[in-house]
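Asks: curious how this folds, go ahead:
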Amino acid sequence: MRRKDREITEFEEIVDVMERCAVCRLALHDEEYPYIVPLNFGMQVEEGQIVLYFHGAEEGKKYELIKKNNKASFEMDCSTQLVTILEDGNCTMNYESVIGQGRVEILSENEKEQALDILMRHYREEDFPYNKAVIPKTTVFKLTVEKCSGKRRMKK
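Replies: Here you go, the predicted structure:
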């Protein structure tokens with residue numbers, strides 16, 4: 001990381017940033033260019049390992065790409081705010097972000113409900129009584145994070 005003064009080094013702080021993000025952008029290998037898709041997500045820390053959970057339709061380009069190569073990168077950010085410095089005639093952006101890499105795995109039918117529960121808890125504090133009838137028609141997958149880094153800029 002070029003700007004070490006902005007690096008988030010504590011694991012707990014990186015997890016805190018991730019918990020406050022609303023969207024995770026997943027980048028997958030495609031033929032000529034990377035394929036990136038914004039997704040809702042849930043997350044769980046299991047014995048110091050971050051696992052991200054996603055859901056989607058039963059078919060689509062991301063699943064085709066995952067079958068070919070399950071290595072993926074991700075990015076998420078929050079706390080974005082434009083900061084204008086009138087006296088200098090400049091502006092900058094406040095942000096907190098996490099980027100990382102890992103491997104994606106499509107979950108079995110038996111694993112889907114627990115993963116969807118984790119995903120729903122990311123957006124709602126109490127257990128949200130979602131329609132369980134959608135589970136068989138939903139693909140659920142996870143990314144096990146192999147490495148990640150966090151960055152923060154909070155200028156007053």
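Asks: mind giving me the packing neighbours of the helix or strand in which residue 119 is found?
Replies: Assigned by DSSP states H and E, residue 119 falls within helix 109-123. For helix 109-123, the elements it packs on are strand 42-46, strand 49-56, strand 139-153, judged by 3 or more CB pairs under 8 Å, 6 or more residues apart in numbering; DSSP states H and E. The way it works is simple: take the backbone N, C-alpha and C, and place the C-beta from them, glycine included.
Asks: and it, which residues are buried?
Replies: 112, 115, 116, 118, 119, 120, 122 (16 or more other CB atoms under 10 Å).
Asks: could you check how far the residue nearest to the fourth one when sequence neighbours are not counted is from residue 151?
Replies: Spelled out, that is residue 118. Sequence neighbours aside, residue 42 is the residue nearest to residue 118 in space, at 4.0 Å (criterion: CB to CB, 6 or more residues apart in numbering). According to CB to CB, to the nearest Å, residue 42 and residue 151 sit 22 Å apart.
Asks: so where's this structure uncertain?
Replies: Residue ranges of the chain with pLDDT under 70: 1, 156.
Asks: give me the most central residue, it.
Replies: Centroid-nearest residue in the chain: residue 24, 3.3 Å away (criterion: CA atoms, centre = their mean).
Asks: which helix or which strand is home to residue 92?
Replies: Using DSSP H and E, residue 92 sits in strand 90-106.
Asks: tell me how far that strand lies from the chain's centre.
Replies: Here the centre of mass of C-alpha atoms in strand 90-106, compared against the chain's by CA atoms, centre = their mean, to the nearest Å, lies 8 Å away.
Asks: can you list the buried residues in it?
Replies: 95, 96, 97, 98, 99, 100, 102, 104.
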